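1. Provided below for reference: sequence and predicted model.
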Amino acid sequence: MFSSDKVVYFDYNATAVPLPQTHRLNMDIVDRCFGNPSSPHQCGREAKDLLESSRLRIAQLLGVSPQEILFTSGGTEGNNTILRQLALQISPQHVITSQIEHPSILETCRVLEQLPQIEVTYLPVTENGVIDPEILLEAIRPDTCLISLMTVNNETGVIQPMEQLSSIAQAHEIPLHTDSVQGVGKIPISWAEWGVHYATATAHKWGGPKGIGLLYVKQGASLEGLITGGKQERGRRAGTENVMLIHDFAESLQWTINQQAAVSTRLQSFKKQIINQLETTNGFFINGQVDSCLPSTLNVGFEGVSAESLLISLDLDNIAVSTGAACSSGAIEASHVLLAMGLDRKKAKSCLRISMGWNTIQEEVNYLMERIQFHVNRLYQKNNARP
């Protein structure tokens, strides 16, 4: 039986195992490009050249213009930048988002709602976790100024119908922002073809470095910078750019997109195996429509079993998975995403998220399945519980 003294990792949606090129120090680049890219001397010019060549590579990989990309610290900063510019307006502002968004959207919207001129509509989702385009259409008002809907849900892996959602936004001439943090590098992304005005991504979700993300701003779309104090990023985001992280962003994205099809095929096979094996396990159920989810992500539950107990048991076996959000005390809360999909709190607190990535191997999948089935059966016997 497979066993390991290292962590068997199934929490890629939280952060991916780093690709080798993201932590292999390139001394030549460090020696040549340590300068401030805003400085006019040779050291600064060399750093600036690397910064802009990396920006160009990323733009080409994503099918957008390099002038439409600005670098941030990650998805949370990018999402805040888009939403918080609304606070500068004095006229009534109606925002549409969904109940299943990342906390960087939901919590920021709740802050903005404290302002008298801003009102937010939170769209429900279907039992499969999909945003219904018809519900979006019904929510639009004359004062709707922004629609913010994620590309892929981080907990279930459900891929949203961005083409349809974007078509509705375009037809009503309303700017659309999409949080693509869980989509870039995992599925084909077409911001330009979709016609979105704003999009966010972060490198560590596919194996790039932490602390570096991007904000896509469609040419002609308005943007008030969240961080002021300098003219970096064409005056839209102050602060000296981290050229090495941006270079590693480009390197890791290049590898990830080149390998996307092959990795997706392998992970889809693992996902099918996991479902087939777990179907024989007590109380098993799946959240989200499997054929419209990321190949890498599976959200499953075991009715009558505490996911917190199961997570702890797996952790003692050196297996890393995730469950609902932890509150400040560290206890596991019911996922707001699963509640929005119609699960009751007890059932939502029986669910695990299994997320795989570029470094997942067959032996790890086999080990995960063996230990999950063992612990679920053990916990049922201990609790004398059957669904």
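-> That came in fine, so what should we check first?
2. over to L146. Which of the three states is it?
-> strand (DSSP: H, G, I helix; E, B strand; the rest coil).
3. residues near it, how many?
-> 21 (other C-beta atoms under 10 Å). C-beta coordinates here come from the backbone N, C-alpha and C atoms, glycine included.
4. distance of it from Y122?
-> Going from L146 to Y122 by C-beta to C-beta, to the nearest Å gives 14 Å.
5. quick check: H375 touching I312?
-> No. Taking contacts as C-beta atoms under 8 Å, H375 lies outside contact range of I312: 9.4 Å.
6. so which of these two has more stuff around it?
-> A count of neighbours by other C-beta under 10 Å puts H375 above the other of H375 and I312, at 22 against 12.
7. helix or strand for that one, which one?
-> Assigned by DSSP states H and E, H375 belongs to helix 362-383.
8. now do the buried residues in that helix.
-> E364, V365, Y367, L368, M369, R371, I372, Q373, H375, V376, L379, Y380 (16 or more other C-beta atoms under 10 Å).
9. from those residues, which has minimum pLDDT?
-> Lowest pLDDT within these is found at Y380 (87).
10. once you drop chain neighbours, what's closest to that one?
-> Leaving aside its sequence neighbours, Y380 sits nearest to N282 (C-beta to C-beta, 6 or more residues apart in numbering; 5.2 Å).
11. now do the same end-to-end measure for stretch 293-304.
-> Distance between the two ends of stretch 293-304: 25 Å, counting by C-alpha to C-alpha, to the nearest Å.
12. what mean pLDDT does it get?
-> 96.
13. when you give positions from now on, start the count at 26
-> With 26 as the first residue, the last one maps to stretch 318-329.
14. next one: that stretch to chain centre, how far?
-> Relative to its chain's centre, stretch 318-329 lies at 16 Å (C-alpha atoms, centre = their mean, to the nearest Å).
15. and for stretch 208-217?
-> Chain-centre distance of stretch 208-217: 11 Å, with C-alpha atoms, centre = their mean.
16. show residues contacting it.
-> Outside of stretch 208-217, the residues within contact range by C-beta atoms under 8 Å, 6 or more residues apart in numbering are 87-89, 176-177, 184, 203, 205, 224, 226, 230-232, 241, 243, 278, 281-282, 285, 289, 319-321.
17. give me that answer again for 7 Å
-> If you take C-beta atoms under 7 Å, 6 or more residues apart in numbering as the criterion, stretch 208-217 is touched by 87-89, 176-177, 184, 205, 224, 226, 230-231, 241, 278, 281-282, 285, 319, 321.
18. returning to what we had before: could you list every helix and strand in contact with the helix holding H400?
-> Helices and strands touching helix 387-408, by 3 or more C-beta pairs under 7 Å, 6 or more residues apart in numbering; DSSP states H and E, are strand 33-34, helix 268-303, helix 332-341.
19. what's the ChimeraX line that selects buried ones from the contacts of stretch 208-217?
-> To isolate the buried ones among the contacts of stretch 208-217 in ChimeraX, judged by 16+ other C-beta under 10 Å, type:
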select :87,89,176,177,184,205,224,226,230,231,241,278,281,282,285,319,321
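20. just the contacts of stretch 208-217: which are in helices?
-> With DSSP state H as the criterion, helices contain L87, L278, T281, I282, Q285 from among these.
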